[in-house]
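# I need the structure of the sequence given here:
(one chain, ligands or ions: 1)
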Amino acid sequence: MGLTTRILLAMLLGIVVGVLFNFLSASQLLGSGVTGAIDIYLVDGLFDIAGRIFIASLKLMVVPLVLVSLICGACALSEGSRVGVLAVKTTMLYLLTTAAAITLALLMGTLFQPGEGMEGLVAGEATYEAPPSPSLKDVVINIFPTNPVEAMAAGNMLQIIVFALLMGYAVSRSGEPGRRIASFFNDLNDVIMRMVGVLMVFAPYGVFALLAKLFAQLGVDAIVQLGKYFLVVLATLLLHALGVYSLLLKLFSGLNPVELIKKMRPAMVFAFSTASSAATIPVTLATVEKRLGVDNKVAAFTVPLGATINMDGTAIMQGVATVFFAQMYGIDIGLSGYLMVILTATLASVGTAGVPGVGLIMLAMVLQQVGLPLEGIGIILGVDRLLDMVRTAVNITGDSVVSAIVAKSEGALSEETFNDRNYDSAANGGGMTVSGQYRASNG
Ligand code: ASP
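Alright, predicted model coming up:
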C-alpha cells in the first residue's frame, strides 16, 4: 500500500473510532464502567500518549531541518544572487493569497449571512480574554535575532530564517573554506531528511491516535448551534483551496492543480491532525521537494516562511467571523471597516506562528481594529477546534502552491517529478519513506 493510502486510511479509521467512542460515551450504551475505562486507558491513555509522542517527534525535526536546509538553499541561491528576488516574490505572493482569502471570506459572509438570527447568543455568558497583541513595530524588530541559539530554542521561525540566510550567503562567499562548510551542510541535510523519512513510517499510527482522541472528545452541540457559521467557513475554505489555488497555479505557472492537490494529501492530513503548520514543516518540506519537484534552494525558504506568515485558511476564518459578529451584534462596520479587516488580518498573519488556535488571537486583533466586541470569540470557541484543523490544511496547501509558482518562475522546478504519477507506489515507499526517493535521490 502506498504511503498516501495508508495515511488516508489511518485518518478515516481515527475519525470513525473517535466518533464511535464519542457516541458510546454520550449514550452510556456500555455502562459507565466500560466507558470510563475506554476514556482512561485508550482515549486519555494510549491514543494521547501515541499522539503526543508523534507531535513531539515532528516538532523535533523542525528547527534542525529548517536551519540546515535553508543554509544549503541560501548558499545555492547566493551563487546566482537570487536571494532578494526570491524573498520579494515569495512574500508578495503570500500577502496576495492571504488578501484574496480574506476578501473571499468577507464576500461569502455577506452573501450567506451566518450571523443572521443569532442575536440571542449575544446575551449568553460567553467570554474571551484576549492576550495582548504585539505592535507592528515589535513584529518587525522581532524578525531580527539577537542570539541564534535563543532563536532556535524558542523555535522562532523568522529569526531562524534570517540567521540561515545570512550564514548561507556568507558560506557562498567564503571561497574554499565556504565550499567545505557547504558540503558538510549538504551532507547533514541528507541525513536530516532521512530522519524525516524514518518518522514517516510511523505517520499512519500517529495520525490515527491524534484523530481518534480528538473526535472522541469533540463536542458536537456547539457545531449544531453554530451550524451556519461553521458551514460558511468550511465552504469558503474548500472554495479557496480548490478554486482560488487552482486558478493561481494555472495562471502563474501553467502547472496542473489536480496533480498538486493529489500529491499534497499526506501533508494535508498531517496539518489536519496536528492543527499546526509549524509542526507540519518537515512533512510539507519533504512533500514539496520530493513530490512536487521544487528544488531545495526555493523550498527551504518558501515553506518555513509560509508556515509562519502565510495563513490563508486562518484569514478566511477571521473574515467570516468578523462578518458573523457584525451581523450578530447588529453593528455596521462599513466598507472602510472591511478594508481594515483585510489589512489587519493580512498583517496579523505575519507576526504569529502557525500553532493550534493562534487564529483566535489574530481574530482578537482584527475585531479590536474595527471596534467589535471581543466577547464574541467565546461564542465560536466551541467550533473552532475542528475548523482549526481544516484551515491548517488549507494554510499549508497555500504554502505549497506559492512554492511551486516561485520555483517554476525561477527555473527550479522539475516538471518530470511534478507530473510523475508513480510517486505513491509501494515500490518507492510513497516517495517519502526511508526506502523511497530519499535513498534514490541521495544515490
Ligand atoms: N493552526 C493554524 C496553523 O498552524 C493557525 C490557526 O488558524 O489557528 O496554521
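# Just the endpoints, please. Distance across stretch 135-147?
End-to-end span of stretch 135-147 (CA to CA, to the nearest Å): 22 Å.
# buried ones in that stretch?
By 16 or more other CB atoms under 10 Å, the buried positions in stretch 135-147 come out as V139, I143, P145. Glycine gets a C-beta too; all of them are placed from N, C-alpha and C.
# Just give me the closest of those residues to the ligand.
Of all the buried residues of stretch 135-147, V139 has the smallest distance to the ligand: 16.3 Å, by CB to the nearest ligand atom.
# before we move on, the earlier item: inside helices: which ones of the buried residues of stretch 135-147?
Counting by DSSP state H, the buried residues of stretch 135-147 place V139 in helices.
# quick one: contacts for the residue nearest the centre of the chain?
The chain has S277 as the residue nearest its centroid, 2.9 Å off, counting by CA atoms, centre = their mean. Contact partners of S277, counting by CB atoms under 8 Å, 6 or more residues apart in numbering, are A271, T284, G306, A307, T308, M311, G354, T392, N395, I396, D399.
# Isn't the second one up against D399?
Same thing as T284. Yes. Contact between T284 and D399 holds when scored by CB atoms under 8 Å: they sit 6.2 Å apart.
# wait, which of the contacts of S277 is closest to the ligand?
Out of those, the member with the shortest distance to the ligand (by CB to the nearest ligand atom) is G354, at 3.3 Å.
# Give me every residue in this structure that's in contact range of the ligand.
275-277, 311, 314, 354-359, 388, 391-392, 395 (CB under 6 Å from any ligand atom).
# Minimum pLDDT in these, which residue is that?
Ranked by pLDDT, the residues of the chain next to the ligand bottom out at G354 (82).
# ranges for the helices of the stretch 101-250 of the chain?
119-122, 136-141, 148-154, 157-172, 175-217, 221-225, 227-238, 245-253 (DSSP state H, counting those that start in this stretch).
# can you put the ones you listed in a markdown table and add mean pLDDT?
Output for these, formatted as a markdown table (pLDDT from 0 to 100):
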| stretch | mean pLDDT |
| --- | --- |
| helix 119-122 | 68 |
| helix 136-141 | 82 |
| helix 148-154 | 95 |
| helix 157-172 | 92 |
| helix 175-217 | 93 |
| helix 221-225 | 80 |
| helix 227-238 | 96 |
| helix 245-253 | 96 |
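# For S25, which non-adjacent residue is spatially closest?
T35 (4.6 Å; CB to CB, 6 or more residues apart in numbering).
# Now the one you found: which helix or strand?
helix 31-37 (DSSP states H and E).
# that older thread, now do the shared contacts for T284 and D399.
Contacts common to T284 and D399, judged by CB under 8 Å, 6+ apart, are S277, V303, A307.
# Can you tell me which of the residues you listed is closest to S81?
V303 (21.8 Å; CB to CB).
# quick one: that closest one from the ligand, how far?
13 Å (CB to the nearest ligand atom, to the nearest Å).
# So that residue is in contact with T284, correct?
Yes. Under the criterion of CB under 8 Å, V303 makes contact with T284 at 5.2 Å.
# Compare those two (neighbour count), which wins?
Ranked by neighbour count (other CB atoms under 10 Å), V303 and T284 place V303 first, with 33 against 28.
# still on that earlier bit, nearest to V323, of the helices of the stretch 101-250 of the chain?
Closest approach to V323 among the helices of the stretch 101-250 of the chain is made by helix 227-238 (8.6 Å; CB to CB).
# Tell me the buried residues in that closest one?
So for helix 227-238, counting by 16+ other CB under 10 Å, buried means K228, Y229, F230, V232, V233, L234, T236, L237.
# what's the nearest residue to V220 if we skip its chain neighbours?
N22 (7.6 Å).
# And for R291?
For R291, ignoring the flanking residues on the chain, the nearest one in space by CB to CB, 6+ apart is K263 at 4.2 Å.
# Can you report how many residues neighbour the one you found?
K263: 24 neighbours (other CB under 10 Å).
# ok and the helix or strand where it lies relative to helix 175-217, angle-wise?
Assigned by DSSP H and E, K263 belongs to helix 257-274. With axes from the mean of the first three to the mean of the last three CA atoms, to 10 degrees defining the directions, helix 257-274 sits at 70 degrees from helix 175-217.
# List the buried residues in helix 257-274.
For helix 257-274, burial by neighbour count (16+ other CB under 10 Å) applies to 257, 259-261, 263-274.
# Return the closest of the residues you listed with respect to the ligand.
A271 (7.2 Å).
# In this model G398 seems to touch the closest one, though I could be wrong.
No. Between A271 and G398 there is no contact under CB under 8 Å: 10.8 Å.
# coming back round to it: and the helix holding T35, how far out from the chain middle?
On the basis of CA atoms, centre = their mean, to the nearest Å, helix 31-37 is displaced by 36 Å from the centre of the chain it belongs to.
# Quick one: residues in contact with that helix.
L24, S25, Q28.
# what about it, average pLDDT?
Here the average pLDDT along helix 31-37 is 81.
# roughly how far is whichever helix or strand comes after it from the heart of the chain?
Next helix or strand after helix 31-37 toward the C-terminus (DSSP H and E): helix 48-79. Helix 48-79 sits 14 Å away from the centroid of its parent chain (CA atoms, centre = their mean).
# I'd like the numbering to begin with 25 instead of 1 from here.
Sure, I'll start numbering at 25, so the last one becomes helix 72-103.
# and the direction of helix 72-103 versus that of helix 199-241, what angle?
Using the same axes, to 10 degrees: helix 72-103 against helix 199-241 is 150 degrees.
# tilt between helix 72-103 and helix 181-196?
Going by the same axes, to 10 degrees, helix 72-103 makes 40 degrees with helix 181-196.
# any weak-confidence spans in the protein?
144-158, 375, 448-467 (pLDDT under 70).
# again, only using 80
By pLDDT under 80, the weakly predicted segments of the chain are 25, 52-56, 102-106, 141-160, 163, 243-246, 373-377, 446-467.
# List the buried residues of stretch 268-280.
Buried residues in stretch 268-280, counting neighbours by 16+ other CB under 10 Å, are found at V268, Y269, S270, L272, L273, F276, S277, L279.
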